[in-house]
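Participant: Any chance you can model this:
(chains A and B)
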Amino acid sequence: MSNGHSGAEQRLVTPGEALGSSSGLRNGSGVVERNGKFFSTKFGYMKNVNSTISVVPTHSSYMPQSGDFVIGYIVEVRSNLWFLHINGPFQGLLPMSLAPWKVEFGESRKHLDIGDAVFARVQEVDESHNVVLTMKGVGLRKIAEGAVEAFPSHLIEIFLGKQNANLQKMREHTNARIIATDNGQIWFDGDVQAMRNVRDLLMQFKGCLNGSELQSMIDNALN
Amino acid sequence: MGGYGDVQLLREDGKRLDGRALDEMRPVSIEVGVLPAAQGSAMVTHGLNVAVAAVYGPMEAHPRKIQRQDRAVIDVRYNMAPFSTSDRIRPGFNRRSQEISKVTAEALESVVLVELYPRSKIRVEIEILAAEAGTRCAGITAATAALADAGIPMRDLMIGVASGKIENIVVLDLDKAEDNYGQADLPAGILPNTGEIAFLQMDGDLSPDEFNLAMEYNFKAAREIHDIMVNALKQKQQRGEA
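Facilitator: Sure thing, here's the model as predicted:
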C-alpha cells in the first residue's frame, strides 16, 4: 500500500492508456497485456520495479490482504460467527474459534453485538475472496473507549510515515493514543483536548488529494 | 423523433441554428473530484447539460440475492433533478430513468474489470442538474470519470456521445431543438483507445451510409472528449501536488 509517487519522473497514466511494448517485461497490478503491448487499467502512477510494470492508483478502496490490521464493525451475528464491515468490498468473517473468549454455540451475541467495533487481523483471504479475521493476538480486542475516524486507506501509509515517524509525531503533538489500521480507520483516545486536537488534524489531512500533499501538510502541522 | 417537415433546423449558410458546423460538438468541460464524500466523483458540462456522478465502493452487495459469485455488479441510478428542465420534473424514478440506469450499468459492466471484485457492488449515482439534450451521454461520461477517480480498474475510458439526422443531413451532438424535431438520434458509448463500442442505441431511421457517417462523427467527438477527460484527471492530481 503505497501511493507510489516519490519522484517527478513517474508517469501519470489513465485507464486504457498504452504503456509501451511488453517484450521482456511482466505486467503487475493495474496493467493488462494486449497484442504485445501493456495498457493501464487504473488512473495512477506507472512503476517499473524488477522488470514488472504496474500502476499504483492515485486513489483506491481498501483490498484486504492476509496479515492486515483492521478495525471492523459487527454487521451480522450468527450462532457461531460474526460478519464485520471492514471498509472493503467484502465483509470479514470472524468465527468464534478465532475470538479471544471461550464462546458457547449460540451465545456469540453476548460477546459482540451489531454495531460493536473491534481491532482484528486478517487471517486469510481465499481465492473466492472470503476474508477470515482473527482476534487472537497482541492488541486485538473489542473497542470500548476512544473514537474512530475514517481516513482514505490509500493514504494510511503516508499518515504512518517511515517506521511510524509521522504517527509518533502526531501522538506527541496531540498527547493522545492513536492507532491507524490498514483499512483506513484511525482510533484515538485521550482527554477532551487531546481528542479535539486529533480530530481537527484528521479533518485537515483527510482533504488531501495525494500522498505528497499529505506529507507536506503533516510536516507543516506537526513540526 | 419522426421529423417535422415545417421546422427549419439548418440556416441558409449550411450551419445549424446555434452556429455550429455539422460535425461540431457543443463545448465540453469536465471536473473531477467534486464531491468529497464519494470514493470518486466528476461533473460534466456538455453544452447546457450538467451531469454529476458519484461512485461508492466496491462494497458488499446487499441484498445477497443480487450478488454474483464471479464478479461485481454495477448498480447505476440515473436521475434528473426536478429543476433540470424548464418544466418541473416529478421527482423520483420513472420508466425513462430506469431504462437509462439499466443500459448505463450494462455498458459500464463491459468496461470495468468486474471480475476482480466477486460478490461485491459498485454504486454509481448520476444526477442530471441541467438538461438540454444528450443527458444519457453526459451521464455516461461523468460516470466514467468518477470511476477512474475512484481507482476502479477499467479497460478504457468510455465516452458518451451522440449523432443524429436533421433535415436529411447527419450532424454531430444534437441540441434540444434538433433532438425534438430531428429525424434520428444515435447515442453511443465509445472506448477511444480500443476502438470498441460498449453502448449503442438508435432512435429514428438511418441508412447504412448515414449510420457510418454518424458513427464516424461519434468516434471523432469521443476522441476529443477523451482528451478533455484525461486532462481533467491529471489536473486534479496536479492540483494536489501544487
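Participant: count of residues packed around A:Lys162?
Facilitator: Other residues lying near A:Lys162 total 8 when counted by other C-beta atoms under 10 Å in any protein chain shown. C-betas here are computed from N, CA, C, even on glycine.
Participant: Now for it: which residues touch it?
Facilitator: Taking C-beta atoms under 8 Å, 6 or more residues apart in numbering or on different chains, we find A:Lys162 in contact with no residue.
Participant: Could you report the pLDDT at it?
Facilitator: Here the pLDDT value assigned to A:Lys162 is 89.
Participant: Phi and psi next, for it.
Facilitator: The phi and psi torsions at A:Lys162 (degrees, to the nearest 10) take the values phi -70, psi 130.
Participant: and if you look at A:Ala180?
Facilitator: phi -110, psi 130.
Participant: For it, which non-adjacent residue is spatially closest?
Facilitator: Here the nearest residue to A:Ala180 in space, its sequence neighbours aside, is A:Ile186; by C-beta to C-beta, 6 or more residues apart in numbering or on different chains that works out to 4.9 Å.
Participant: And the helix or strand where the one you found lies, what does it pack against?
Facilitator: Mapping A:Ile186 onto the secondary structure by DSSP states H and E places it in strand A:185-189. Counting contacts by 3 or more C-beta pairs under 8 Å, 6 or more residues apart in numbering or on different chains; DSSP states H and E, strand A:185-189 packs against strand A:69-77, strand A:147-150, strand A:177-181, helix A:192-206.
Participant: Mind doing that once more with 10 Å?
Facilitator: Of the remaining helices and strands, those touching strand A:185-189 by 3 or more C-beta pairs under 10 Å, 6 or more residues apart in numbering or on different chains; DSSP states H and E are strand A:69-77, strand A:117-125, strand A:147-150, helix A:156-160, helix A:165-174, strand A:177-181, helix A:192-206.
Participant: Report the angle between the second one and strand A:69-77.
Facilitator: Orientation note: strand A:117-125 sits at an angle of 100 degrees relative to strand A:69-77 (axes from the mean of the first three to the mean of the last three C-alpha atoms, to 10 degrees).
Participant: Buried residues, strand A:117-125. List them.
Facilitator: Residues of strand A:117-125 classed as buried: A:Ala117, A:Val118, A:Phe119, A:Ala120, A:Arg121, A:Val122, A:Gln123, A:Val125 (neighbour count, 16 or more other C-beta atoms under 10 Å in any protein chain shown).
Participant: Contact partners for the third one?
Facilitator: By C-beta atoms under 10 Å, 6 or more residues apart in numbering or on different chains, A:Phe119 lies in contact with A:69-72, A:135, A:137, A:139-143, A:179, A:181, A:185, A:187.
Participant: Just the pLDDT for it.
Facilitator: Each residue has a pLDDT score; the one for A:Phe119 is 97.
Participant: For it, list each beta-bridge partner.
Facilitator: Counting by DSSP bridges, A:Phe119 forms beta bridges with A:Ile71.
Participant: now do the last one
Facilitator: Taking DSSP bridges, one obtains A:Val131 as the residues bridged to A:Val125.
Participant: Distance check, it against chain B.
Facilitator: According to C-beta to the nearest C-beta, to the nearest Å, A:Val125 stands 12 Å off from chain B.
Participant: ok, back up a step: closest to B:Gln98 out of the helices and strands packed on strand A:185-189?
Facilitator: The minimum distance between B:Gln98 and the helices and strands packed on strand A:185-189 falls on strand A:69-77, with 29.0 Å, by C-beta to C-beta.
Participant: Any chance of JSON lines for the helices and strands packed on strand A:185-189, columns distance to B:Thr141?
Facilitator: Written out in JSON lines, the entries for those read as follows (distance: least, C-beta to C-beta, whole Å):
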{"stretch": "strand A:69-77", "distance to B:Thr141": "35"}
{"stretch": "strand A:117-125", "distance to B:Thr141": "35"}
{"stretch": "strand A:147-150", "distance to B:Thr141": "29"}
{"stretch": "helix A:156-160", "distance to B:Thr141": "31"}
{"stretch": "helix A:165-174", "distance to B:Thr141": "38"}
{"stretch": "strand A:177-181", "distance to B:Thr141": "36"}
{"stretch": "helix A:192-206", "distance to B:Thr141": "28"}
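Participant: What average pLDDT does stretch B:175-182 get?
Facilitator: The average pLDDT for stretch B:175-182 rounds to 92.
Participant: Likewise for stretch B:147-162?
Facilitator: Averaged over stretch B:147-162, pLDDT sits at 96.
Participant: where does chain A dip in pLDDT?
Facilitator: Within chain A, the set of residues satisfying pLDDT under 70 comprises A:1-9, A:209.
Participant: Let me know the outermost residue of it.
Facilitator: In chain A, the residue that sits farthest from the middle, by C-alpha atoms, centre = their mean, is A:Asn35; the gap is 34.9 Å.
Participant: Distance-wise, check that one relative to A:Ala18.
Facilitator: Counting by C-beta to C-beta, to the nearest Å, the gap from A:Asn35 to A:Ala18 is 10 Å.
Participant: what's the answer for B:Pro27, then?
Facilitator: Using C-beta to C-beta, one obtains 28 Å as the distance from B:Pro27 to A:Ala18.
Participant: Kindly report the same for B:Ala198.
Facilitator: For B:Ala198, the distance to A:Ala18 equals 19 Å [C-beta to C-beta].
Participant: before we move on, the earlier item: what strands line up against the strand holding A:Ile186, and which way round?
Facilitator: Counting by DSSP bridges, the strands paired with strand A:185-189 are strand A:147-150 (antiparallel), strand A:177-181 (antiparallel).
Participant: check contacts around residue 171.
Facilitator: All of this refers to chain A. Applying C-beta under 10 Å, 6+ apart to A:Arg171 gives the contacts A:Asn164, A:Arg177, A:Ile178, A:Ile179, A:Phe188, A:Gly190, A:Ala194, A:Val198.
Participant: My question was about chain B, not that one.
Facilitator: Under the criterion of C-beta under 10 Å, 6+ apart, the contact partners of B:Val171 comprise B:9-10, B:16, B:20-25, B:163-165, B:178, B:182, B:213-214, B:217.
Participant: cool, A:Asn130 as well?
Facilitator: Neighbour list for A:Asn130: A:Phe90, A:Gln91, A:Gly92, A:Leu93, A:Glu124, B:Arg119 [criterion: C-beta under 10 Å, 6+ apart].
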